[in-house]
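**Q** build the 3D model from these lines:
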Amino acid sequence: MTTENERDNRIRTRAYELWENDGRRDGDHERYWHEAARQIDAGGHSGLASDLQPGGTQPGGGPARGVGSIGNE
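**A** Predicted coordinates for the structure are as follows:
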């Protein structure tokens, strides 16, 4: 079971990854946080950069969930 603090840390890490993947644009910090929380809560991402292979792909070659999808929904 994940504690609230562990969950927040995972979300923070994933939100930072999303922000970096989006070109480190200023603003929209809440959007990155909410997208990261959605991904973490859905169980599709551990919140660790090690989940992605080079090029932002998941093991198996598919595109990483959420990468490049913010704002395109």
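**Q** where do the strands of this protein begin and end?
**A** Counting by DSSP state E, the chain has no strands to list.
**Q** quick one: the helices in it?
**A** With helices called from DSSP state H, the chain shows them at 4-21, 29-42.
**Q** just the angle between the shortest one and helix 4-21, please?
**A** Relative orientation of helix 29-42 with respect to helix 4-21: 120 degrees, computed using axes from the mean of the first three to the mean of the last three C-alpha atoms, to 10 degrees.
**Q** helices or strands next to helix 29-42 in the packing?
**A** helix 4-21 (3 or more C-beta pairs under 8 Å, 6 or more residues apart in numbering; DSSP states H and E). Using the backbone N, CA and C atoms, a C-beta is placed for each residue, glycine as well.
**Q** state the mean pLDDT of the helix it packs on.
**A** The pLDDT scores in helix 4-21 average 96.
**Q** output it as CSV, nothing but the C-alphas.
**A** Taking Å, rounded to 0.1, in the frame of the first residue of the first chain, the C-alpha atoms of helix 4-21 are listed here in CSV:
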residue,chain,number,x,y,z
GLU,A,4,-0.1,9.7,0.7
ASN,A,5,3.5,11.0,0.9
GLU,A,6,4.8,8.3,-1.5
ARG,A,7,1.9,9.0,-3.9
ASP,A,8,2.8,12.7,-3.9
ASN,A,9,6.4,12.0,-4.5
ARG,A,10,5.5,9.7,-7.5
ILE,A,11,3.2,12.3,-8.9
ARG,A,12,5.8,15.0,-8.4
THR,A,13,8.4,12.9,-10.3
ARG,A,14,6.0,12.1,-13.1
ALA,A,15,4.7,15.7,-13.4
TYR,A,16,8.4,16.9,-13.8
GLU,A,17,8.9,14.3,-16.5
LEU,A,18,5.8,15.5,-18.3
TRP,A,19,7.0,19.1,-18.0
GLU,A,20,10.4,18.2,-19.4
ASN,A,21,8.9,16.2,-22.3
